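Engineer: Structure of the sequence below:
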Amino acid sequence: MIRLIWVILVSFPFIMYYSLKVSYIEKHGEAYDEARRYKIARHMVFIMKHNGGIRTKAFGIENLPADGGYVMFANHQGKYDTLGIIGSHSKPCTILIDEKRSHLVFANGFIKLLKGCRMDKSNLRGQVKAIYQIIEEVRAGRRYIVFPEGGYQNNHNKLQDFLPGAFKCAIKAKSPIVPVAIINSYKVFDLKSLSLLPVTTQVHYLKPLYYDEYKEMSSAEISEKVKSMIDKKIVECA
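Structural biologist: Modelled structure (predicted):
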């Protein structure tokens, strides 16, 4: 918690600047394509990492599909997870996020900048709408981050159950599924930690599953396979 407060205090001038910039971009969206928006988002992540003494080591970048859209399914440890991926993922990507969480301070502007997908988990129609939005965008070449565990309360480096339904967007889009193992990300903004010592997290991009490999599998089988791949990597490297 103390690191989060420190980052906010030290980065406050930048936070105000980028808040105004995001508002400007929303009004002049035609001048900012996805690549330009993503470059701005990554610079925001860089400033936050620098001010917070945060380092993220990325592995397996060569496993990322060279062309087209795909969905990255990652384990969830905390507020830094998405930032760790974006900071190490050079091509533009965006995120599926819970509607309520997306309107928290700082998150709202970031989601607007990335044109992320907000899902209302309390509304079935809203969930279906979000899934179909992702399907169409992935088919068109966008790249998404999805956390199939849902929440991240006390997850640390141990996985919770994956929700098979989270994989339907990739299945319907017939897109590559990229398992992503996140390690030690919970330490960045750990609510119980009073330390400001530098912290290092890891992001491992594992070999993707292509449609031909999983088309005969059920969503539950795909979910379990991806979970086992991520769990194996965490056990190896944590």
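Engineer: And the spatially most central residue of the chain, which helix or strand is it part of?
Structural biologist: What sits nearest the mean C-alpha location of the chain, by Cα atoms, centre = their mean, is Thr82, with 3.4 Å. Counting by DSSP states H and E, the element that carries Thr82 is helix 81-88.
Engineer: by contact count, what packs against that helix?
Structural biologist: When contacts are defined as 3 or more Cβ pairs under 8 Å, 6 or more residues apart in numbering; DSSP states H and E, helix 81-88 packs onto helix 34-52, strand 54-59, strand 70-74, strand 177-183, strand 199-205. (Each C-beta comes from the backbone N, C-alpha and C, glycine too.)
Engineer: relative to strand 70-74, how tilted is it?
Structural biologist: For the pair helix 81-88 and strand 70-74, the angle between their directions (axes from the mean of the first three to the mean of the last three Cα atoms, to 10 degrees) equals 130 degrees.
Engineer: Check the offset of the next helix or strand after helix 81-88 from the chain's centre.
Structural biologist: Scanning the chain past helix 81-88 towards its C-terminal end, the next helix or strand to appear is strand 94-98 (assignment: DSSP H and E). Average the C-alpha atoms of strand 94-98, do the same for its chain, and the two points are 7 Å apart (Cα atoms, centre = their mean, to the nearest Å).
Engineer: quick revisit: can you tell which of the helices and strands packed on helix 81-88 is closest to Glu213?
Structural biologist: Across the helices and strands packed on helix 81-88, the minimum distance to Glu213, taken as Cβ to Cβ, is reached by strand 177-183, at 8.8 Å.
Engineer: Sort out which residues of the closest one are buried, please.
Structural biologist: Of the residues in strand 177-183, those buried under the neighbour-count criterion (16 or more other Cβ atoms under 10 Å) are 177-183.
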